[in-house]
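# Starting from these lines, generate the structure:
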Amino acid sequence: MKVEDFVKKYKATPKLVDLKKHVVNKYVPYLEKIALCTNIVNSTSHIETKDKRQLVKINTPARYVLFTMYILNTYTDLDVDFTEDNFVKDYDMLKEAGLIEAFLDIDKNTGKSLIPLSEYVEFNTVLNMALDDLRDNEYSLTAMAYNFKESLHISEDILNEVIKEIEKKISK
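Predicted coordinates:
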């Protein structure tokens, strides 16, 4: 169901909409979580320059909204429109109606959430691991040295010597 249609239906008759019925997944396979989180990180961590180079530029607010909408799209029957800025419009509609909290918050009476808390936590953990991988792969000394080597076409033997010297200086 499209988010806009769902929100309209909910606003018209909030007491008649059973949110539990819209939660269609209680578990998402780990490899699917990795793929989704990698997509979130890639979508919110790179910009393309005019000469088609990819630069790392982190957009944390966009990452938060994408993460939230991926959770809702993955665990419910809501069909989030991920084109352009439409997913932000979908987010705003759901947020304004209190539906994000309704799906994700823990019920004070039962201690449960509609979307399992363990799934939310694991999804968030995988997202943080994917972001850590990006940082390590882009900003570690080894990654920087290899990227530098590729741009200058330095032989691997020379590069290994440079890395060893850097590591010696760091360990002192």
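
# Can you tell me which residue is spatially central in this structure?
With distances taken as C-alpha atoms, centre = their mean, residue 40 lies nearest the centre of the chain, 3.6 Å away.

# In space, what's closest to it - neighbours in sequence excluded?
residue 66 (4.9 Å; C-beta to C-beta, 6 or more residues apart in numbering). Where C-beta positions appear, they are placed from N, C-alpha and C, glycine not excepted.

# Check which element follows whichever strand or helix holds that neighbour along the chain.
Element membership of residue 66, judged by DSSP states H and E, is helix 60-75. Using DSSP H and E, the helix or strand that follows helix 60-75 in sequence is helix 86-96.

# for that following helix, which positions count as buried?
By neighbour count on 16 or more other C-beta atoms under 10 Å, the buried set for helix 86-96 is 87, 90-91, 93-94.

# Need those in a markdown table (columns: distance to residue 116).
Converted to a markdown table, the buried residues of helix 86-96 look like this (distance: C-beta to C-beta, whole Å):
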| residue | distance to residue 116 |
| --- | --- |
| 87 | 23 |
| 90 | 22 |
| 91 | 21 |
| 93 | 24 |
| 94 | 19 |
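
# Can you tell me the SS state at the residue nearest to the centre of the chain?
Secondary structure, DSSP: H, G, I helix; E, B strand; the rest coil: residue 40 is helix.

# Against residue 158, how distant is it?
With distances taken as C-beta to C-beta, to the nearest Å, residue 40 is found 37 Å from residue 158.

# One more: residue 62?
Distance, residue 62 to residue 158, using C-beta to C-beta: 40 Å.

# can you list the domains in this protein?
3-139, 141-172 (automatic domain parsing).

# so how far is the longest one off the chain centroid?
What that stands for is domain 3-139. 7 Å (C-alpha atoms, centre = their mean, to the nearest Å).

# Quick one: mean pLDDT for that domain?
Averaging pLDDT along domain 3-139 gives 91.

# out of all of them, which helix in the protein is the longest?
Secondary structure assigned by DSSP state H gives helix 117-139 as the longest helix of the chain.

# Does anything pack onto that helix? Which helices or strands?
Secondary-structure packing of helix 117-139 (3 or more C-beta pairs under 8 Å, 6 or more residues apart in numbering; DSSP states H and E): helix 30-43, strand 54-56, helix 60-75.

# looking at those, which is buried most?
Sort the helices and strands packed on helix 117-139 by mean neighbour count, taking mean count of other C-beta atoms under 10 Å, and helix 60-75 sits at the top with a mean of 19.
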